[in-house]
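**Student:** I'll drop the sequence and a predicted model, then ask my questions.
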Amino acid sequence: MTSLKALKGRIASVKSTQKITKAMKMVAAAKLRRAQMAAEAGRPYAERLDAMVASLASSVSISPQTSKLLAGTGKDDVHLFVICTSDRGLAGAFNSNIVRAARKSADILIAQGKTVYFYLVGRKGRAVIARLYPKQILHQFDTGEIKQVKFSDAQAIAADIVERFNGGAFDVAHLFYARFQSALVQEPVQQQIIPVEIVPAAKVEGVSGATEYEPDEEEILADLLPRNVGVQIYRALLENAASEQGSRMTAMDNATRNAGDMINRLSIQYNRTRQAAITTELVEIISGAEAL
Amino acid sequence: MADLHFELVTPDRLIRSEDVYMVVVPGSEGDFGVLAGHAPVMSSIREGEIAIYRTNGGEPERIAIEGGFAEVNEKGLTVLAEKADIPA
């Protein structure tokens, strides 16, 4: 039987754990609100840029001079997976969901004889990827210093990736992150960023005359495409930030509730044990008195 | 005359979305004014000031913007700027 003292100790320890998870939940909730606002505010830009790229891409004929960011390298042998994770754990299945999605796609591509490299953004994906694909991590972008994701951070990542692409390090790049739906639901998504995935303009709005380009199509494309990579990454980082906080909030809420249940169970056990001890003591005294 | 639907967006947020009379955009090949019914154009933007005229002949609102694109289509004018300084 567990001693009273040990039980008391356990109750105290679970209580202090509960205090921590409760505090973390509250912090996550506060951060979630900010991150969610940022993610939602960033959506219009990404959507409009998408539309612009789509309309431009459909009007440009693919020639050898066309930017490779649009046309691709003509091969798809080497893939780059840009995996965005968080720097901190204790966020439920947030990081492992993203990594699992990436692993699934990676294994399919590897089975087809392709090469897959990884470009990690954030700290938490590293352990698993390094264990499974030890020689294929191209780079890890350190986001430890970043508190609030800024567009310039995304641009730095994009510039690095585009440079590697132009250097011929890979043919296709995919971006992995968790799209924020609500505090309860974050969906891991895979998105191809290089070459640009052309979503065929679903509705051809009565195009009145050809669009004029200033300076010309090629130059605008050359400017637009690298920027588009940056914007897609920025969107991924914003969505990820919101998803991370949402996931952490839910996880910590569960932890707090579990701790509460555990405290209840332990308290009942403590009271029963105490009662039993008192009864035994009484029985001993009474039987001792009777013997006299 | 119908008004021009104008949107100014940065990566951080949607700054303006409203119907105005005319907008003067600092295109990389020179400033150009956009009225309602403008022919479709896509242009890159240099660093400069965008001038928004709410009414014909009124005082324009000026917003400094940096890098990006402007697109005119049937729906109106969309300016995607990398940065925009709004005088608060």
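**Tutor:** Looks like it came in fine. Numbering: from 1, shown residues only, chains lettered A, B, ... in the order given.
**Student:** close to chain A: what parts of chain B are there?
**Tutor:** B:7, B:9-14, B:27-29, B:39-44, B:69, B:71, B:73-74, B:78, B:80, B:82 (C-beta under 8 Å from any C-beta of the partner chain). (Each C-beta comes from the backbone N, C-alpha and C, glycine too.)
**Student:** now do the contacts for A:K25.
**Tutor:** Neighbouring residues of A:K25 by C-beta atoms under 8 Å, 6 or more residues apart in numbering or on different chains: A:248-249, A:252-253, A:255-256.
**Student:** let's see that with 6 Å instead.
**Tutor:** Under the criterion of C-beta atoms under 6 Å, 6 or more residues apart in numbering or on different chains, the neighbours of A:K25 are A:249, A:252-253.
**Student:** could you dump those residues into a markdown table and include neighbour count, distance to A:R131 and secondary structure?
**Tutor:** Output for the contacts of A:K25, formatted as a markdown table (neighbours: other C-beta atoms under 10 Å in any protein chain shown; distance: C-beta to C-beta, whole Å; DSSP: H, G, I helix; E, B strand; the rest coil):
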| residue | neighbour count | distance to A:R131 | secondary structure |
| --- | --- | --- | --- |
| A:M249 | 23 | 29 | helix |
| A:M252 | 23 | 27 | helix |
| A:D253 | 19 | 30 | helix |
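**Student:** dump those residues into a markdown table; add distance to A:L175 and pLDDT as well.
**Tutor:** Below are the contacts of A:K25 laid out as a markdown table (distance: C-beta to C-beta, whole Å; pLDDT from 0 to 100):
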| residue | distance to A:L175 | pLDDT |
| --- | --- | --- |
| A:M249 | 25 | 93 |
| A:M252 | 28 | 94 |
| A:D253 | 29 | 94 |
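**Student:** same list, these, but as a markdown table with distance to A:E40 please.
**Tutor:** Output for the contacts of A:K25, formatted as a markdown table (distance: C-beta to C-beta, whole Å):
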| residue | distance to A:E40 |
| --- | --- |
| A:M249 | 17 |
| A:M252 | 23 |
| A:D253 | 22 |
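**Student:** which among the residues you listed gets closest to chain B?
**Tutor:** The closest of the contacts of A:K25 to chain B turns out to be A:M249 (C-beta to the nearest C-beta; 23.6 Å).
**Student:** just for chain B, where's the confidence low?
**Tutor:** Across chain B, residues meeting the criterion (pLDDT under 70) sit at B:1-2, B:87-88.
**Student:** B:S43 belongs to a strand, doesn't it?
**Tutor:** Yes - judged by DSSP: H, G, I helix; E, B strand; the rest coil, B:S43 forms part of a strand.
**Student:** what about the residue lying closest to it once chain neighbours are set aside, how many residues nearby?
**Tutor:** Using C-beta to C-beta, 6 or more residues apart in numbering or on different chains and skipping the chain neighbours, the partner closest in space to B:S43 is A:E214 (3.8 Å). When neighbours are defined as other C-beta atoms under 10 Å in any protein chain shown, A:E214 has 17 of them.
**Student:** number of residues surrounding the nearest residue to A:E244 once chain neighbours are set aside?
**Tutor:** Nearest non-adjacent residue to A:E244, counting by C-beta to C-beta, 6+ apart: A:S86, 4.4 Å away. When neighbours are counted by other C-beta under 10 Å, A:S86 registers 24.
**Student:** just the ones of the residues of chain B next to chain A in strands?
**Tutor:** Taking DSSP state E as the definition of strands, the residues of chain B next to chain A contribute B:7, B:9, B:14, B:27, B:41-44, B:69, B:71, B:73, B:78, B:80, B:82.
**Student:** buried subset of the residues of chain B next to chain A?
**Tutor:** Taking 16 or more other C-beta atoms under 10 Å in any protein chain shown as the criterion, what is buried in the residues of chain B next to chain A is B:7, B:9-14, B:27-28, B:40-44, B:69, B:71, B:73, B:78, B:80, B:82.
**Student:** just for the stretch 151-292 of chain A, where's the confidence low?
**Tutor:** Applying pLDDT under 70 to the stretch 151-292 of chain A flags residues A:198-210.
**Student:** pLDDT value on the residue nearest to A:R274 when sequence neighbours are not counted, please?
**Tutor:** Distances taken as C-beta to C-beta, 6+ apart place A:L4 nearest to A:R274, at 6.1 Å, with adjacent residues excluded. pLDDT for A:L4: 89.
**Student:** please report the distance of A:L4 from chain B.
**Tutor:** In this structure, A:L4 and chain B are 58 Å apart, going by C-beta to the nearest C-beta, to the nearest Å.
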